[in-house]
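Novice: can't give you the sequence, but here's the structure:
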């Protein structure tokens, strides 16, 4: 039984990098190469949200260390963000991030630069 738990622990440790980095990296490259913009939106949204989550996790690390299931919860959240059946990253971006960014003066300034370049 101890070998089973050891294997399960190793799989749990490997699942994070595969789910959070390797699969999104592969899917992002495939999205860039595909003619559809829908997958581009999903993966750009994923990297925005994943970056924010990583920064938030760095700031809250002393608090998160006290939550024993944090890593498992993070894996579930990232699975929801990543898996194409859910398109969680695009959902979060559309519902919460997009409006905040549109209201930001930083983005409005970027739109003027973008328009001047075309």
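Specialist: Sure thing, it's come through. Keep in mind it's a predicted model, so treat the numbers as computed, not measured.

Novice: count the neighbours of the closest residue to residue 27 other than its chain neighbours for me.
Specialist: Spatially, and ignoring its direct neighbours in sequence, residue 27 is nearest to residue 43 (5.9 Å; Cβ to Cβ, 6 or more residues apart in numbering). Using the backbone N, CA and C atoms, a C-beta is placed for each residue, glycine as well. Residue 43 has 20 neighbours, counted by other Cβ atoms under 10 Å.

Novice: next one: the one 4 residues further on
Specialist: Counted with other Cβ under 10 Å, the burial measure for residue 47 works out to 13 neighbours.

Novice: and the gap between it and residue 54?
Specialist: Distance of residue 47 to residue 54, computed by Cβ to Cβ, to the nearest Å: 10 Å.

Novice: try residue 86
Specialist: In terms of Cβ to Cβ, residue 86 sits 20 Å off from residue 54.

Novice: for residue 71, give me its contacts.
Specialist: Residues near residue 71 by Cβ atoms under 8 Å, 6 or more residues apart in numbering: 12, 16.

Novice: quick one: the helices in the protein?
Specialist: 2-17, 23-33, 38-59, 61-64, 70-82, 88-92, 98-103, 105-117 (DSSP state H).

Novice: how far does the fourth one sit from its chain's centre?
Specialist: From the chain centre to the centre of helix 61-64 is a distance of 20 Å (Cα atoms, centre = their mean, to the nearest Å).

Novice: can you list contacts of that helix?
Specialist: Residues contacting helix 61-64 (Cβ under 8 Å, 6+ apart): 57, 70.

Novice: 10 Å instead?
Specialist: By Cβ atoms under 10 Å, 6 or more residues apart in numbering, the residues outside helix 61-64 that reach it are 56-58, 70-71, 73-74.

Novice: all set now, cheers.
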